[in-house]
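# sequence and predicted structure are below.
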Amino acid sequence: MKTVLITAVMATASPLALAQNGLNPSPTKPALSAQQQAVDGNMAVTSPMARAIKHRMLGDSASRQPEADIASQVNETVRRAYTQSAFEPIWSEDGAVSLMTLADHLPEYGLAPDTLPEADLRQLAEQRFQSESPETRASADIALSKAWLRLTAAVSGGWPGDKASAPSPQQTPAYAVLPQQLKIAGEGNAEKALKSFEPTAPQYVALKQALAEYRAIRDNGGWLAIPSLADGEIIEAGDTDPRIPAIRERLAVESYDADRNLFNLVNDAIKAGQSDEETPVSSAAAASEIATVDVEEAQQVLDPQRYDETLVEAVKTFQSRHGIKSDGVVGPNTLAAMNESVDSKIVRISESMDRWRKQGAMSERYIWANIPSYTAEGWKDGQREITVRTIVGTPEHETPAFNDEVEYAVANPRWYTPASIVRNEKAPKLANDPGYAQRSNFKVIDRATGQEVSAYSVNWKDASAAENYRLVQMPGANNALGELKIIFPNQYAIYLHGTPGKHLFDRAERAFSHGCIRLENPTEMAGWIAGLDSTTEADTLKQTVASKTRQKFEFKTRVPIHITYMTVTVNDDGSVNFWRDIYNRTGGIEQTHEMAPLDNPDSLMQTAKLEQG
């Protein structure tokens, strides 16, 4: 009777309500030992459901069973799972309820709610447990299995054979346990079984936690946008502006330390009101000195519209986590970053999670070069061991995202200038000033003979000059590759290298290269790679760089390198960075959803007009 009541209620009640009210049935069946031992389709089956499932799995309809959005290998997994259970149904009522509950939780995984529509699941549950036709119940049970497998593909980044994904070899073990986890899901633990297929990369795990935090911020109302600045207008430390309270509240929502400490304010007010000859006020004497200060100056410090040092520091931290120059000045870029809506940030976090899913499993040691954050990092055993600032390609010469393995490094390298750079940049310079070649330590090589020639003997205005002559820059202080390059041969001709332009690393936005990734300290990164083999290797490499000797170093350990495009990353302390989409690769969302609603712009700006007279 209990089962009848439950199946009747399932058609109208939400799965979450069922779970909360204790209406989930007990697992419907323990598997028979003979069924557990079945490994092929030759075992005789007796129940109508089992015969119907076997017919669909192995009969004439089997060839029609695979669906467009399910990889053929996953369809085979379904067959294998049913074969191992002697074609008995996999899904209990508990399992169906847990699957519907899981569908409600998909946003927590950064997945769209319509990845698995609840209405479809409810219809399948009704067919599976209420239909009188064994064939209908069998089809519904198989469909529930495929629905759960769709989720495993979505949360894992795809399975082998899925054309939309590029799974790594590390996914093979997880793929092998799909039948076992499918049974666990069918028994009533759909979400627990799903979690075993989630990526374990540290950044994915941290992003999932960040997603939960920003979803909570949204549930609490998010934040309001700050009214825009006039052309050329900025807010600097010490300024008074009617937007300051709104900026303080805006930053506090994301846990930036922007609160005004009352005791510090009073003490600062007293100091501001003292003459230069007076002795600075100690914390113990602050209260007794209030009567002796200049009231007007003290009031300026206490003014809630004053851009005080506490808020300046909070703004600097905000800027550093949003790819903006960390100077504490509130300008158009800073205000635009503050005004991005919480919904937009949730979308960006989810998108970065999806990009990590597509990366597949990570090895124990790897280099992670993330383009939007302008960083290259060395990771070992789940820990970030080294971080180096980078310069990446311009929007016209984008650095591609791909995976490879580092093979070797060259200390004090030569730069074999690409023909495109010779044609577009060097030839015009040499046409006007052939002496540029010698001053910049370039050799001009005749490609036909392989011999060095004088730059003065070449007609650099000739369109074929770049194809006929090669420019080779010798090692030295001005060499474009700096003191070292790190090579991982690839179709894009991309590699890591140093640069003589060290001053560019002080900029917040560093998209200046022709596509290769410049490292602020390439020797440090190469030493980290070599150190994975032995400290002796690392020391030898560093000594060779210092000696100015040109030498190639083959790394014994082939370290994977992942060049990614993640616009959201997480620091070791859990703080979240939202980088600028320098190549506009994320697609973004509609502008109407991208910006937060304004924070009472009329009242704020009216106050400003009144104060200006």
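Ah, there it is. Numbers count the residues shown, from 1 in each chain.

# how does the chain divide into domains?
As assigned by automatic domain parsing, the chain contains the domains 2-198, 362-413+484-582, 414-474.

# and the shortest one, average pLDDT?
Right, domain 414-474. The average of the pLDDT scores along domain 414-474 is 95.

# need the helices for the stretch 101-250 of the chain, in chain order.
118-130, 134-156, 172-176, 178-186, 190-195, 202-219, 244-253 (DSSP state H, counting those that start in this stretch).

# with respect to residue 330, which of those lies nearest?
Distance to residue 330, taken as C-beta to C-beta, is lowest for helix 244-253 among the helices of the stretch 101-250 of the chain, at 6.9 Å. C-beta coordinates here come from the backbone N, C-alpha and C atoms, glycine included.

# distance from that closest one to the middle of the chain?
Between the centre of helix 244-253 and the centre of its chain there are 26 Å (C-alpha atoms, centre = their mean, to the nearest Å).

# stretch 557-570 now?
Stretch 557-570 sits 9 Å away from the centroid of its parent chain (C-alpha atoms, centre = their mean).

# do stretch 320-329 as well
With C-alpha atoms, centre = their mean, you get 20 Å for stretch 320-329.

# with distance to residue 222 added, can I get the domains of the chain in TSV?
Shown next, in TSV, are the domains of the chain (distance: least, C-beta to C-beta, whole Å):
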stretch	distance to residue 222
domain 2-198	16
domain 362-413+484-582	15
domain 414-474	47
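
# output those domains in JSON lines, with distance to residue 332 and mean neighbour count appended to each entry.
JSON lines is the format used below for the domains of the chain (distance: least, C-beta to C-beta, whole Å; neighbours: other C-beta atoms under 10 Å):
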{"stretch": "domain 2-198", "distance to residue 332": "30", "mean neighbour count": "18"}
{"stretch": "domain 362-413+484-582", "distance to residue 332": "13", "mean neighbour count": "18"}
{"stretch": "domain 414-474", "distance to residue 332": "32", "mean neighbour count": "15"}
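
# so which of the ones you listed is nearest residue 238?
domain 362-413+484-582 (22.9 Å).

# and that closest one, end to end?
Domain 362-413+484-582 has an end-to-end distance of 26 Å (criterion: C-alpha to C-alpha, to the nearest Å).

# one more: stretch 581-595?
16 Å.

# tell me the average confidence for that stretch?
65.

# nearest to residue 323, of the domains of the chain?
Among these, domain 362-413+484-582 comes nearest to residue 323, with 4.4 Å by C-beta to C-beta.

# closest one to residue 350 among the helices of the stretch 101-250 of the chain?
Across the helices of the stretch 101-250 of the chain, closest to residue 350 is helix 202-219 (C-beta to C-beta), at 6.5 Å.

# go through the closest one and flag the buried ones.
Across helix 202-219, burial judged by 16 or more other C-beta atoms under 10 Å covers 202-208, 210-211, 214-215, 217.

# any chance of those in TSV, plus pLDDT?
Shown next, in TSV, are the buried residues of helix 202-219 (pLDDT from 0 to 100):
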residue	pLDDT
202	95
203	96
204	96
205	96
206	97
207	98
208	97
210	98
211	98
214	97
215	97
217	97
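
# output the residues you listed in CSV, with distance to residue 86 appended to each entry.
Shown next, in CSV, are the buried residues of helix 202-219 (distance: C-beta to C-beta, whole Å):
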residue, distance to residue 86
202, 42
203, 43
204, 38
205, 39
206, 44
207, 42
208, 38
210, 45
211, 41
214, 47
215, 43
217, 50
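
# out of those, which is nearest to residue 538?
Nearest to residue 538 among the buried residues of helix 202-219, with distances taken as C-beta to C-beta, is residue 202, at 24.0 Å.

# apart from its neighbours in sequence, what residue is nearest that closest one?
In space, and not counting its chain neighbours, residue 202 is closest to residue 382: 5.3 Å by C-beta to C-beta, 6 or more residues apart in numbering.
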